[in-house]
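[1] Sequence first, then the predicted structure, then my questions.
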Amino acid sequence: MRQSEGSIVCAECSRLVGINEERCPYCGAWRPGLFGWAPFLRSLVGARLDLIVLITGACLTLYALALLLQPEAIFASSGFLSILSPGGRALYQLGMTGGIAWELGWWWTLLTATYLHGGLLHIAFNVMWIRNLGPAAAEVYGPARTFVLFNVAGAAGFLLSNEMSGAPTIGASGAIFGLLAALIVYGRKRGSSVMTQQLWQWAIILGIFGFIVPSVNNWAHGGGFAGGWVAAHLMGFSDEHRESTRVLLAALALIAVTAVGIGLSFYNVTGILLAE
Ligand SMILES: [Zn+2]
């Protein structure tokens, strides 16, 4: 997996450099070959590991897990919006965020809550949006940047909602608003007004939708949109700048922290329940 000799293309300046160079002789980028791991990382993120599929796969897997963890809750709630809703305990075990988690110092729930959903309609709706917007964002920003942006936007939304409302909250919609914002930023910079108008329309309709449908976390939507907007401005487009190894590493680190975070929530919540 590790390449020990030969050369690679520097992610910063796209010139050929030795794999073991400490600094790129052209642009000064630090460790362009990442100790020989850069080619493996590059082939992993993108070719072998589709991050958009990973996002939707994680959402669906955790939804199923949440239902299985608390089967008695599945048919407990009634109403169209709560068809096949996981129970609150199961959701806390898998990393739901909100005022309680925030006060306990469970900061990782800002990441884990993005992958949890409160019902069949909630997850179907969000997975549909991720499948629509995700590949488009991955094409213009690159898959690793899109993954980082998605998670940063989701976390920004939950941070705002934890500070402002403290309601227990889950769902990828804040992160989806971040993807919308990122595509609007791209459309504006590239002067594609048709695309930008269409995206604004979706963002506004979805935003209004949030105020009509009960129990939607509008703070998370607003925070996600703002987070995505800021993150998009900090990232380059893939046609002008290749994704740096730092972004690839950030994406892998986010995956690791999210996975460990789910484990931490599970351990903590189960511990509290057993102590009761
Ligand atoms: Zn370089």
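    Thanks, I have it.
[2] how does this structure divide into domains?
    Domain ranges of the chain: 7-43, 50-275, per automatic domain parsing.
[3] ok, residues contacting whatever helix or strand Ile204 lives in?
    Assigning secondary structure by DSSP states H and E places Ile204 in helix 193-212. For helix 193-212, contacts defined as CB atoms under 8 Å, 6 or more residues apart in numbering pick out 173, 176-177, 180-181, 183-184, 187-188, 216-218, 221, 225. No exception for glycine: its C-beta is placed from N, CA and C like everyone else's.
[4] And the domains of the chain: which comes nearest the ion?
    domain 7-43 (3.2 Å; CB to the ion).
[5] what about the closest one, near the ion?
    Yes: counting by CB under 5 Å from the ion, the ion is contacted by domain 7-43 at 10, 12-13, 24, 26-27, 29.
[6] Shouldn't Leu248 be within a helix?
    Yes: Leu248 sits within a helix when classified using DSSP: H, G, I helix; E, B strand; the rest coil.
[7] I'd assumed Leu41 was in contact with it.
    Yes: counting by CB atoms under 8 Å, Leu248 does reach Leu41; the two are 4.8 Å apart.
[8] Between those two, tell me which one has more neighbours.
    Using other CB atoms under 10 Å as the criterion, Leu248 and Leu41 rank with Leu248 on top: 25 against 19.
[9] got the domains of the chain as JSON lines, with distance to Met1 columns?
    Compiled in JSON lines, those are given as follows (distance: least, CB to CB, whole Å):
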{"stretch": "domain 7-43", "distance to Met1": "5"}
{"stretch": "domain 50-275", "distance to Met1": "14"}
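[10] And those domains, which one averages the lowest pLDDT?
    Of all the domains of the chain, the minimum mean pLDDT falls on domain 7-43 (a mean of 90).
[11] chain center to it, what's the gap?
    Distance, stretch centre to chain centre, for domain 7-43: 27 Å (CA atoms, centre = their mean, to the nearest Å).
[12] And it, what's buried?
    By 16 or more other CB atoms under 10 Å, the buried positions in domain 7-43 come out as 8, 10-13, 17, 19, 21, 24, 29, 31-34, 36-39, 41-42.
[13] Please list the residues of this structure that sit near the ion.
    By CB under 5 Å from the ion, the part of the chain that sits against the ion consists of 10, 12-13, 24, 26-27, 29.
[14] okay if I get the residues you listed as a markdown table plus secondary structure?
    Formatted as a markdown table, the residues of the chain next to the ion follow (three-state DSSP):
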| residue | secondary structure |
| --- | --- |
| Cys10 | coil |
| Glu12 | coil |
| Cys13 | coil |
| Cys24 | coil |
| Tyr26 | coil |
| Cys27 | coil |
| Ala29 | coil |
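[15] I'd like to know which of those residues is nearest to Gly142.
    Glu12 (13.8 Å; CB to CB).
[16] didn't Thr245 look like it was pressed against Leu34?
    Yes: under the criterion of CB under 8 Å, Thr245 makes contact with Leu34 at 4.9 Å.
[17] what's the overlap in contacts for these two?
    The contact sets of Thr245 and Leu34 overlap at Leu41 (CB under 8 Å, 6+ apart).
[18] right, and the helix or strand after the helix holding Ile204?
    In the C-terminal direction, the helix or strand that comes right after helix 193-212 (DSSP H and E) is helix 218-234.
[19] What helices and strands are in contact with that following helix?
    helix 143-164, helix 173-189, helix 193-212 (3 or more CB pairs under 8 Å, 6 or more residues apart in numbering; DSSP states H and E).
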